[in-house]
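> could you look at this predicted model? Sequence included:
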Number of protein chains: 2
Amino acid sequence: MSKPILTINFSRLQRNIQTLGNIGQAEDRGIHRMAFSEADWAARQWFSEQINAAGLDLYEDGAANLHGRLDWDGQRPSVMIGSHLDTVPGGGPLDGALGVLVGLEVLTTIAEAQIPLHYPLEVISFSDEEGRFGGLFGSQAIAGQLTPALIHAARDLEGITLRDAMGHWGLDANAALFARRAPESIHAYLELHIEQGPVLDRKGISVGVVDAITGLFKWEVRLLGAANHAGTTPMDMRVDAFQGLAEFAGAINRILEEHGGPYSRATIGRVELKPGAANTVPGCVTFSLDVRDTDSATLTALADAFRLTLSALARRRKLMFEFEVLAAIPPRRCDAGIAQLISETADALAIEHLRLPSGAAHDAQIMAGIARTGMIFVPSIEGRSHSPAEWTAWEDIERGANLLLQVTLGLAAEPARH
Amino acid sequence: MSKPILTINFSRLQRNIQTLGNIGQAEDRGIHRMAFSEADWAARQWFSEQINAAGLDLYEDGAANLHGRLDWDGQRPSVMIGSHLDTVPGGGPLDGALGVLVGLEVLTTIAEAQIPLHYPLEVISFSDEEGRFGGLFGSQAIAGQLTPALIHAARDLEGITLRDAMGHWGLDANAALFARRAPESIHAYLELHIEQGPVLDRKGISVGVVDAITGLFKWEVRLLGAANHAGTTPMDMRVDAFQGLAEFAGAINRILEEHGGPYSRATIGRVELKPGAANTVPGCVTFSLDVRDTDSATLTALADAFRLTLSALARRRKLMFEFEVLAAIPPRRCDAGIAQLISETADALAIEHLRLPSGAAHDAQIMAGIARTGMIFVPSIEGRSHSPAEWTAWEDIERGANLLLQVTLGLAAEPARH
């Protein structure tokens, strides 16, 4: 790569980021572009126009995923670049959107340069990554993980069903079953995303090469004691559910040290006390436990250790203890060869980079189940995520986009394996 | 007391407890007889009728406290027996009501027996003890603790002002300023109340002789850290507000052991996490701390120790820390002579009894500021309080009522001190 190399049109990418960021923007309360909302629909319309304007072939599959295709012939497997346009309520301008827009920019740049391809390219915007109706809907559809029952049951927090929300736009949710792609139809899957964590920003490094996406288990735990008057109940006659939780929370670091690894995380993010009055000993506490790691065996060991600790302290404190598994997602490895290609390409472009895991869920996690997957992170300033304040320095976005362009060329120029 | 002694009419007392317990009863959700509600008003009407039927003089003061008076002449100080008819939402049949009805029964019995009195007797039902508008309203009025500003500001959780709630019944809230009683107009104040705690029930003792009413301080504490993604934020880059609270909660027992006494209590009963999502490290936690003791110096030492612990852990964990004092009520001693009289009378009646503090607030706490005060507890089965399941065995109610009768006679027969 000593001769001048192809680069993306950065000012066009900047314009697109700014234009898309205005869609669903609710004054100072961030972007509200939840899946199949008015704003999401407007973003999809705008994105479809950009696909057409770039001379790509627009295709919408049964899950309402939008594809922009270059050199598509329905025969050769594609190199797919994806992410999502939907946001959480009050989200920022880059989570998901950046990956889609950089993908569009990469395809547009390659199309303009009329570079001959061994494999067709696709940029894809997946439906409902963020979870209005459960999350990762579009990528699960492509990976063939949906069932009629799942589609039937999907509803948002207000009780609106996925079927109704899609039906509002003339779409049939059940058609998502037909969005499945044969694994052999995908040569590789790439995703660029903001890190959503503080590591790259703290270290001042522009690019992260993701080697694994953490799995997780999420429990809802309930400890039941006895609600009593805070003034009249002696300390030694209490069965205080919150004191049980406090002891458990204090044990988290020990459990991670004993059973976890360098990428283990455990979080209590939601706590509800009953009756929840200042003058009443809490008789019941319900809380969430979110535990993540990149290694399945470590996750299992952590689950065992957390359960053991909870049941021991509940027994000692005479608390009843029950828990429900709200989610259990296995960790996924990214493709080692693609990670190596990303690292070497970054070296060639003189972009400082770091191997790290993804602690958040991404469509890449689903796609890694059916395709060789590579993932590039760019820094989140101060680790901010799911917030209107979410941002990445322009120069890091430019470096990440050019890296993705070269990696895409590297993969699309590979000799066919199939 | 070897000859037959006067006793209350227990079946009449039982009937009154049952009749009053039906007023404001909301099927299986307990009694809803909040101050100045329809049900409270119905209870007041019914109680006024009972005062009249017993041949007592009915008097309503400016705070809407209802007095039933025997042998009243406006000259001699009275022996006052009081408690309250209002309940918390979903309360039980005895909290407050038992003290009023036993007081009525004591006066009725003495009136029927035509016993000559050195001091007139009053049974009083205080307005809003439970706190729809702040609590202890009627007793504060009698003790002269109200101000026009306090009356003006008082409102319930739905924003209804005390002025409007009393105005609805044709009452002027500002007249509460005229309910003040000169301390020399009260010879003694007596209150019988359910314990609202488990001590008497656990020990199988029928009567508690209250020697002090605990004071308390109630803080709202806020710890501010940083909200971050639970998956992408390494454990050592977190400023987890809830972990700060968990450490603090774990220090409560140590602090009580080091700085408290046998009657010290500390409770975290309310906790609110923000943002409060399972997948987000909590950036902010707000919680209540309710601390009680019968001794002022101990309460001060505890406040110092809690503040020190909070500020040290906040500094170490890089959390911001702020707190607001929601309430600070000094402890009150009951009158040692009256407590002695209650104990000796119980001995004479062969009623097993125990000295203990009151951990809950009572009108007696306010009255102790202006009058010699004695308080009798009867057991709460399983310590249940502020619950439809609140109850006391009939035989304990009968013992407590007869004890109050004899103590009242003992005090009303005393030679005048004034």
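Noted; the coordinates are in hand.
> how deep is the nearest residue to residue A:137 once chain neighbours are set aside tucked in, by neighbour count?
Once flanking residues are discounted, residue A:137 sits nearest to residue A:128: 3.9 Å by C-beta to C-beta, 6 or more residues apart in numbering or on different chains. (C-beta placed from N, C-alpha, C; glycine too.) By the criterion of other C-beta atoms under 10 Å in any protein chain shown, residue A:128 has 29 neighbours.
> one more: the one 3 residues further on?
Taking other C-beta under 10 Å as the neighbour definition, residue A:131 ends up with a count of 17.
> ok, now how distant is it from chain B?
10 Å (C-beta to the nearest C-beta, to the nearest Å).
> surely that residue is in a strand?
No: secondary structure of residue A:131 (DSSP: H, G, I helix; E, B strand; the rest coil): coil, not part of a strand.
> contact partners for the residue nearest the centre of chain A?
Geometric centre of chain A, nearest residue: residue A:362, 2.7 Å, by C-alpha atoms, centre = their mean. Going by C-beta atoms under 8 Å, 6 or more residues apart in numbering or on different chains, residue A:362 touches A:83, A:129, A:191, A:193, A:213, A:375.
> just confirm the third one is within a strand.
Which is residue A:191. Yes: Residue A:191: assigned to a strand according to three-state DSSP.
> quick one, what contacts it?
A:81, A:82, A:83, A:99, A:362, A:363, A:364, A:367, A:373, A:374, A:375, A:376.
> between those, which has the most around it?
residue A:99 (33 neighbours).
> hey, C-alpha coordinates of the strand or helix carrying that one in CSV?
Per DSSP states H and E: residue A:99 is located in helix A:97-112. Output in CSV follows, covering the C-alpha atoms of helix A:97-112 (Å, rounded to 0.1, in the frame of the first residue of the first chain):
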residue,chain,number,x,y,z
ALA,A,97,-26.4,4.7,12.5
LEU,A,98,-22.7,5.1,12.1
GLY,A,99,-22.2,1.5,11.0
VAL,A,100,-25.0,1.8,8.4
LEU,A,101,-23.7,5.1,7.1
VAL,A,102,-20.1,4.0,6.9
GLY,A,103,-21.2,0.8,5.1
LEU,A,104,-23.1,3.0,2.6
GLU,A,105,-20.1,5.2,2.2
VAL,A,106,-17.8,2.2,1.6
LEU,A,107,-20.1,0.8,-1.1
THR,A,108,-20.6,4.2,-2.7
THR,A,109,-16.8,4.8,-2.8
ILE,A,110,-16.2,1.3,-4.3
ALA,A,111,-19.0,1.8,-6.8
GLU,A,112,-17.7,5.2,-7.8
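> dump the contacts of residue A:191 to a markdown table, plus secondary structure.
Converted to a markdown table, the contacts of residue A:191 look like this (three-state DSSP):
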| residue | secondary structure |
| --- | --- |
| A:81 | strand |
| A:82 | strand |
| A:83 | strand |
| A:99 | helix |
| A:362 | coil |
| A:363 | helix |
| A:364 | helix |
| A:367 | helix |
| A:373 | strand |
| A:374 | strand |
| A:375 | strand |
| A:376 | strand |
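> nearest to chain B among the residues you listed?
Closest approach to chain B among the contacts of residue A:191 (C-beta to the nearest C-beta): residue A:362, at 10.3 Å.
> so for the closest one, what's the pLDDT?
pLDDT for residue A:362: 94.
> for it, give me phi and psi.
Here is the backbone geometry of residue A:362 (degrees, to the nearest 10): phi -140, psi 160.
> repeat that for residue A:219.
phi -110, psi 150.
> residue A:322 is in contact with that one, correct?
No: assessed by C-beta atoms under 8 Å, residue A:219 is found out of contact with residue A:322, at 10.1 Å.
> where does the residue nearest to residue A:233 when sequence neighbours are not counted sit: helix, strand or coil?
Leaving aside its sequence neighbours, residue A:233 sits nearest to residue B:197 (C-beta to C-beta, 6+ apart; 5.3 Å). Put simply, residue B:197 is coil when judged by three-state DSSP.
> from residue B:404, how far off is residue B:197?
Shown here: residue B:197 relative to residue B:404, a distance of 20 Å by C-beta to C-beta, to the nearest Å.
> do the same with residue A:291
58 Å.
> any part of the longest helix anywhere in chain A near chain B?
For chain A, the helix that runs over the most residues, judged by DSSP state H, is helix A:296-317. No: Helix A:296-317 does not reach chain B (C-beta under 8 Å from any C-beta of the partner chain); its nearest approach is 11.7 Å.
> so which bits of that helix are buried?
Going by neighbour count (16 or more other C-beta atoms under 10 Å in any protein chain shown), the buried part of helix A:296-317 is A:298, A:299, A:301, A:302, A:303, A:305, A:306, A:309, A:310, A:313, A:314, A:317.
> does the second one touch residue A:329 like I think?
No: with contact taken as C-beta under 8 Å, residue A:299 and residue A:329 are classed as non-touching, separated by 9.5 Å.
> what's the domain layout of chain A?
A:10-214+A:331-412, A:215-329 (automatic domain parsing).
> and residue B:43, which of the ones you listed is closest to it?
Of all these, it is domain A:215-329 that lies closest to residue B:43, at 22.9 Å by C-beta to C-beta.
> who's more crowded, residue A:219 and residue A:322?
Set residue A:219 next to residue A:322 and count neighbours by other C-beta under 10 Å: residue A:219 wins out with 21 against 12.
> what sits against the more buried one?
By C-beta under 8 Å, 6+ apart, the neighbours of residue A:219 are A:288, A:289, A:306, A:323, A:324, A:325, A:326.
> what does residue A:105 give?
Residue A:105 sits in contact with A:8, A:9, A:12, A:13, A:16, A:401, A:405, where contact means C-beta under 8 Å, 6+ apart.
> make it 7 Å
Contacts for residue A:105 (C-beta atoms under 7 Å, 6 or more residues apart in numbering or on different chains) come out as A:8, A:9, A:12, A:13, A:401.
> tell me the helix or strand right after the helix holding residue A:99.
That would be, after helix A:97-112 and using DSSP H and E, strand A:121-126.
> pairing partners for that following strand, with directions?
strand A:66-70 (antiparallel), strand A:78-84 (parallel) (DSSP bridges).
> possible to save the ones you listed as TSV with distance to residue B:354?
Formatted as TSV, the strands paired with strand A:121-126 follow (distance: least, C-beta to C-beta, whole Å):
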stretch	distance to residue B:354
strand A:66-70	76
strand A:78-84	67
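> got the contact list for the residue of the stretch 51-200 of chain A found nearest chain B?
Closest residue of the stretch 51-200 of chain A to chain B, C-beta to the nearest C-beta: residue A:197 (2.8 Å). Residue A:197 is in contact with A:359, A:380, A:383, B:229, B:232, B:233, counting by C-beta under 7 Å, 6+ apart.
> tell me which two in those are the farthest apart.
Taking C-beta to C-beta, no two of the contacts of residue A:197 sit farther apart than A:359 and A:380, at 11.5 Å.
> I appreciate the help and will end here.
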